[in-house]
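> sequence? don't have it. structure:
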């Protein structure tokens, strides 16, 4: 089952989650971005590919982590690297929000080329952080190993208010405008599919979308 959260909890996630890490702001968006990439989304592959796969995911979601670590590499090799699919990840927050928000902020600070490797490292460290609560320690380790950041750069990243506000605006858009209520949620050429997907399921959905 996909990870779900209440509307009330979602409305307060920016305050609770980001403040917890000492890691705000809402953007007004009138049109859903659910079936296409926005300028502030993270994308891979040929933007003109005939099939567009959008994934809403949380850095704290175990289902998203399993997909990212176990399914995504084969999906990427088969479809993204060959130019058949354009892939976009849209960020979402689930509990513990400190993990989700911190993970996305860290991946963004690492830069576009390192965004996905850093996110993978966060996925791999999910259980460790949940079990120990040592979010900052683990994030710092990932920042140095995967993000090529110094300790000062990592600290500045976690305290970057504009970055926090930008993340808050993206989450607000995905929650209130795109109407996403669970992750992972996939949108494949406009068709929404809630829940974790296997590679055979992706094969079928992509074949259908390609016509």
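Thanks, I have it. Since this is a predicted model, take the numbers as computed values, not measurements.
> can you show me the helices along the chain?
Secondary structure of the chain by DSSP state H: the helices cover 7-20, 62-66, 72-75, 97-110, 115-124, 126-132, 135-145, 151-158, 161-172, 199-210.
> roughly how far does residue 106 sit from residue 210?
According to C-beta to C-beta, to the nearest Å, residue 106 and residue 210 sit 35 Å apart. All C-beta spots, glycine's among them, are computed from the backbone N, C-alpha and C.
> hey, which helix or strand in the chain has the poorest pLDDT?
helix 7-20 (a mean of 39; mean pLDDT, DSSP states H and E).
> residue closest to the middle of this structure?
residue 91 (3.7 Å; C-alpha atoms, centre = their mean).
> count of neighbours near the residue lying closest to that residue once chain neighbours are set aside?
Computed as C-beta to C-beta, 6 or more residues apart in numbering, the closest residue to residue 91 that is not its neighbour in sequence is residue 104, at 5.0 Å. Other residues lying near residue 104 total 28 when counted by other C-beta atoms under 10 Å.
> distance check, residue 104 against residue 156.
Counting by C-beta to C-beta, the gap from residue 104 to residue 156 is 16 Å.
> could you do residue 52 as well?
34 Å.
> neighbour count winner among these two?
residue 52 (21 against 13).
> residue contacts, that one?
35, 36, 37, 85, 86, 88, 187, 188, 189 (C-beta atoms under 8 Å, 6 or more residues apart in numbering).
> if we go to 10 Å?
Neighbouring residues of residue 52 by C-beta atoms under 10 Å, 6 or more residues apart in numbering: 35-37, 43, 45, 85-88, 187-190, 209.
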